[in-house]
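Peer 1: Below: sequence and its predicted model.
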Amino acid sequence: MDNSSGDSSGVGVLDKAALVLGALESGPATLAGLVGATGLARPTAHRMAVALEYHRLLARDMQGRFVLGPRLAELAAAAGEDRLLATAGPVLTQLRDVTGESAQLYRRQGDRRICVAAAERLSGLRDTVPVGSTLPMKAGSAAQILLAWEEPERLHHGLQGARFTATALSGVRRRGWAQSIGEREPGVASVSAPVRGPSNRVVAAVSVSGPIERLTRHPGRMHAQALLEAAGRLTEALKRGTAG
């Protein structure tokens, strides 16, 4: 029988998973270390750790020790979404007014990206992306931003069938913003910049989009600075919220 201790929720498998995750809060651990810290039998501790690793809740370091996995950071970022959305409205409105183009905020959901906030151009020809719209992760400057800083395995997977290349994403990481010209939709150009959470991980992409006739075939020259400033305000809001 496992010699686990502490309060029980009555759902044994979840209690054991919580024990394993809690044991790694202070740093990496070998399987023997997990057994000692949790009181779980070695086969049980191994089974739980491998299952959590499969779901990216655990990972391994260079020495093969178990560490907390990247999925936890993603979930923590999602927990801050309300704070992000509360700040997004005025930031997107100002971005729209400064650039004269429709502004959007995107978050990744698996192999898609979803528009979680928007400020539409008030008149004239515009690129309209309603809030709640789901778009592919294979094209567009926002997709480039949401993929460019991913871990290598997810980056490689995301590039399969994409309209952009690894070289293009390297350029995105170097300059800190992305642009696309007719990539997602013919005749539409866009510019995007990354919004980062408290751990500095990219949690969203802020964008402006509109017809190529207005944005030209070099939209970054026109609007990259405005995008970087908007992304910076959203990033700062997320960090302030965590500090508070």
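Peer 2: Looks like it arrived, so ask away.
Peer 1: which element follows the helix or strand of the chain with the lowest mean pLDDT toward the C-terminus?
Peer 2: In the chain, no helix or strand scores lower on mean pLDDT, DSSP states H and E than helix 70-79, which sits at a mean of 76. Of the helices and strands lying after helix 70-79 in sequence (DSSP states H and E), the nearest is helix 81-99.
Peer 1: and for that next one, what are the contacting residues?
Peer 2: Outside helix 81-99, the residues within contact range by C-beta atoms under 8 Å, 6 or more residues apart in numbering are 102-105, 107, 116-121, 195, 203-204, 206, 208, 222-223, 226-227, 230, 233-234, 237-238, 241. Just so you know, the C-beta spots here come from the backbone N, C-alpha and C atoms, and that holds for glycine as well.
Peer 1: ditto for stretch 27-39
Peer 2: Stretch 27-39 is contacted from outside by 2-5, 16, 19-20, 23-24, 40-42, 45-46, 49, 61, 63-67, using C-beta under 8 Å, 6+ apart.
Peer 1: Keep only those of those that are in helices.
Peer 2: 16, 19-20, 23, 42, 45-46, 49 (DSSP state H).
Peer 1: hmm, back to that, selecting buried members of the contacts of stretch 27-39 in PyMOL, what would you type?
Peer 2: The buried residues among the contacts of stretch 27-39 can be selected in PyMOL (16 or more other C-beta atoms under 10 Å) with this line:
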select buried, resi 2+4+16+19+20+23+24+40+45+49+65+66
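Peer 1: which residue is nearest the middle of this structure?
Peer 2: For the chain, the residue nearest the mean C-alpha position is V203 (3.3 Å; C-alpha atoms, centre = their mean).
Peer 1: in the strand or helix carrying that one, what's buried?
Peer 2: For V203, the element it lies in under DSSP H and E is strand 202-211. By neighbour count with 16+ other C-beta under 10 Å, strand 202-211 contains the buried residues 202-210.
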